[in-house]
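In: Got a predicted structure here, sequence first:
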Amino acid sequence: GENVEQHPSTLSVQEGDSAVIKCTYSDSASNYFPWYKQELGKRPQLIIDIRSNVGEKKDQRIAVTLNKTAKHFSLHITETQPEDSAVYFCAAISNTGKLIFGQGTTLQVKP
Amino acid sequence: ETGVTQSPTHLIKTRGQQVTLRCSSQSGHNTVSWYQQALGQGPQFIFQYYREEENGRGNFPPRFSGLQFPNYSSELNVNALELDDSALYLCASSSLSSGYYNEQFFGPGTRLTVL
């Protein structure tokens, strides 16, 4: 069935370092890959997304890469700041519109 | 903040009861998806509504049902509540056009506690 695996489950970095979160999806028909940031007690917020016809997308300190052949996609955060601390979810959407989430990565940025 | 709203914010029910949760989608969006997020886990897809019709369903029993109205707002109904139904229920608004699913924007969620 459709599945998204996300690693690592927790990530601790020093302020200013980079953070990388990786996901693997199973449905080869998936064509849209969003990343969400969820702070404690709040809604998931879309931070960046990528479509299957693009290999990389960047928005300031955040970038996402997609390898369709390997069914891998990754989130890269550079120059991390304490306010980047949150739970990050990757997701993949199939051509039926079903959004499948990874298990989440708790990112802690130490000042 | 997104233009997606949900009500109520919090709800406490007992086992066996029924509950209705509501979601107003963002202006211009025609699709609403519902998710269940248990503590410490990622959101799980319940179902999606597009133009008042169910347009996909996840692995949830039939006691989870929904509706979408002509203004694209939506309801999630859960019958015969069980303790495991305690979770944050999120709705997400998006638009489906030319066969492409676009960004989904989440509402603030309804925290349901079943005692």
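Out: On my side now, so go ahead.
In: Quick check: buried residues in stretch B:73-91?
Out: Going by neighbour count (16 or more other CB atoms under 10 Å in any protein chain shown), the buried part of stretch B:73-91 is B:73-76, B:78, B:81, B:85-91. For the C-beta atoms, the positions are set from N, CA and C on the backbone; glycine is no exception.
In: and those residues near chain A, which?
Out: Applying CB under 8 Å from any CB of the partner chain, the subset of those adjacent to chain A comprises residue B:90.
In: so, if you compare the buried residues of stretch B:73-91, which one comes nearest to residue A:50?
Out: Of all the buried residues of stretch B:73-91, residue A:50 sits closest to residue B:90, with 22.0 Å by CB to CB.
In: for stretch A:70-90, the distance to its chain's centre please.
Out: With CA atoms, centre = their mean, to the nearest Å as the basis, stretch A:70-90 stands 6 Å off its chain's centre.
In: and the residue of chain A at minimum distance from chain B, bridged to which residues?
Out: Of all residues in chain A, residue A:101 sits closest to chain B, at 3.6 Å by CB to the nearest CB. Beta-bridge partners for residue A:101, by DSSP bridges, are residue A:91.
In: what's the answer for residue A:73, then?
Out: residue A:23, residue A:66.
In: and the gap between it and residue A:57?
Out: 10 Å (CB to CB, to the nearest Å).
In: between these two, which one's more packed in?
Out: Comparing residue A:73 with residue A:57 by other CB atoms under 10 Å in any protein chain shown, the one with more neighbours is residue A:73, at 25 against 15.
In: Need the per-residue pLDDT for residue 11.
Out: The chain I'm using is chain A. At residue A:11, the model reports a pLDDT of 98.
In: Actually, chain B is the one I wanted.
Out: 95.
In: Following element in sequence after the helix or strand bottoming out on mean pLDDT in chain A, please.
Out: When the helices and strands of chain A are scored by mean pLDDT, DSSP states H and E, strand A:99-101 comes last with a mean of 91. For strand A:99-101, the following helix or strand on the C-terminal side (DSSP states H and E) is strand A:105-110.
In: Quick one: residues in contact with that next one.
Out: Contacts with strand A:105-110, where a contact means CB atoms under 8 Å, 6 or more residues apart in numbering or on different chains, come from A:6-15, A:19, A:21, A:77, A:80-89.
In: So which of those would count as near chain B as well?
Out: With CB under 8 Å from any CB as the criterion, the contacts of strand A:105-110 include A:6, A:89 near chain B.
In: Among the contacts of strand A:105-110, the buried ones, what's the PyMOL command?
Out: If you want just the buried ones from the contacts of strand A:105-110 in PyMOL, going by 16+ other CB under 10 Å, the selection is:
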select buried, chain A and resi 6+11+13+19+21+77+80+84+85+86+87+88+89
